[in-house]
Each structure stands twice: as structure tokens, then as C-alpha cells.
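Peer 1: only geometry, no sequence info:
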């Protein structure tokens, strides 16, 4: 299994291409830089081979590009998101898109995920962890075998974590989600923005746990 990161441009999230027997895209950016993203994907894999598109949460910078990337796969890839996030994606309801001057495409979600579901991505099985706090529909994906965590906007590298002051954010829930993730054995950390971590994810997770202690008091 290979993990390839297309780092976000401007407001875009990181977009991950996971290769293997069941290739997948994790997060889609805003769609405002679709030509660049599509060319990068084609350098990694034939898009028609991609089986699934997984969206970590309902913010426009992670799912605004879902229709364009779905089209790139020949409209064959199945779309996955948390049950709460799916409602936002399917109705095109996004305050965040309006804040950025964009519009969320109304897109059907094939599989509405819940905590405890298991997805086959690349060559591995990933547990779906519902991690609210940044948004109500946040999920993370964790592989016990490779010790890899796709953390969306819940946890970032170098002790950082997602904002909780957008609509639907909740600092106490975010702290609880961080505490839950801190119990995992993490080698590789693939967050929704900025730097990825390969080899010492636990170190970064501990730093995030420490830096988020003040959330308990909010």
C-alpha cells in the first residue's frame, strides 16, 4: 500500500491517494484547483482504477471537489462519509463554502459511515473512528496493521489540532476525540492540512494531547 499526498493549495485540504488492490482518494479539496489536482492524480494512478472516495468531514475545503474527482474516476468510485456529514454533502449546505465565496456541489453519498465501521483501502483495513469536535461529522481512519492514521482536521502534526469555533465545533468533544486518538499506536500521521508524519506519529500525537489540555476548561 502506498500513500501519496497532494498538499493543499490555498484553502484546499491535503488530498491523499492510497494505492494498492483497492485504490482510494481521501478528501477532495475545494475543487477550485481541480486541474492541478487531477494532473497530480494522473501522475500517481489511472483515475479509472480508483474504487472509493472517503471524505473526513463536511467542510468545503475537504469535500467541495468531490463531484469533479468523482467524474475523474468515470463516476465509478463510491463516496463515503459520516452519516452527519453526508446530509451536508447531499444538500449542498455549507456555511464554510459561502465564507470562501464558493458553492458546495450537491452530491449523493453511497455509504454513510458510523463509528466502528471498517473500510478496505489500498491493501489494508481501516477502522472508522467518529471524532467530533471540529465538526459533528468528523471521522478518522486507522489501520492497526500499518499503524497509520488519517486524521482529517482533528489532529495535525507538531501538536496542533482543529479549530472548534466554526458552526458545529465543540471544544470538549474535540478534547475527548484527541484523548481517544492518543490511545492508538501511531507510526504514520496523515492530517487534513500541512505536514505529514511518517515514522514517529506517537510523538506528534502526544504533543497534541498536551497542547489541548486547556480545552477541558472551555
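Peer 2: Thanks, I have the structure now. All of these numbers come straight from a predicted model, not from anything done at the bench.
Peer 1: okay, CA-based contacts and neighbour counts for the rest of this
Peer 2: OK.
Peer 1: residue 174 against residue 155, yeah?
Peer 2: No: here residue 174 does not reach residue 155: they are 9.4 Å apart, not a contact under CA atoms under 8 Å.
Peer 1: who's more crowded, those two?
Peer 2: Using other CA atoms under 10 Å as the criterion, residue 174 and residue 155 rank with residue 155 on top: 30 against 27.
Peer 1: might one say that that one is in contact with residue 161?
Peer 2: Yes: Residue 155 sits in contact with residue 161 when judged by CA under 8 Å, with a separation of 4.4 Å.
Peer 1: where do the contact lists of these two overlap?
Peer 2: Here residue 155 and residue 161 share the contacting residues residue 208, scored by CA atoms under 8 Å, 6 or more residues apart in numbering.
Peer 1: ok, residue 149 to residue 5 distance?
Peer 2: From residue 149 across to residue 5, the span is 13 Å (CA to CA, to the nearest Å).
Peer 1: hmm, who's touching the helix or strand hosting residue 202?
Peer 2: Secondary structure assigned from DSSP states H and E places residue 202 in helix 201-211. Taking CA under 8 Å, 6+ apart as the criterion, the residues outside helix 201-211 that touch it are 155-161, 178-179, 181-182, 185-189.
Peer 1: with stretch 94-113 instead?
Peer 2: The set of residues external to stretch 94-113 that reach it, using CA under 8 Å, 6+ apart, is 58-61, 63-64, 66-67, 78-83, 86, 88-93, 128.
Peer 1: check stretch 162-169 too.
Peer 2: Taking CA under 8 Å, 6+ apart as the criterion, the residues outside stretch 162-169 that touch it are 132-136, 153-156, 170-171, 174.
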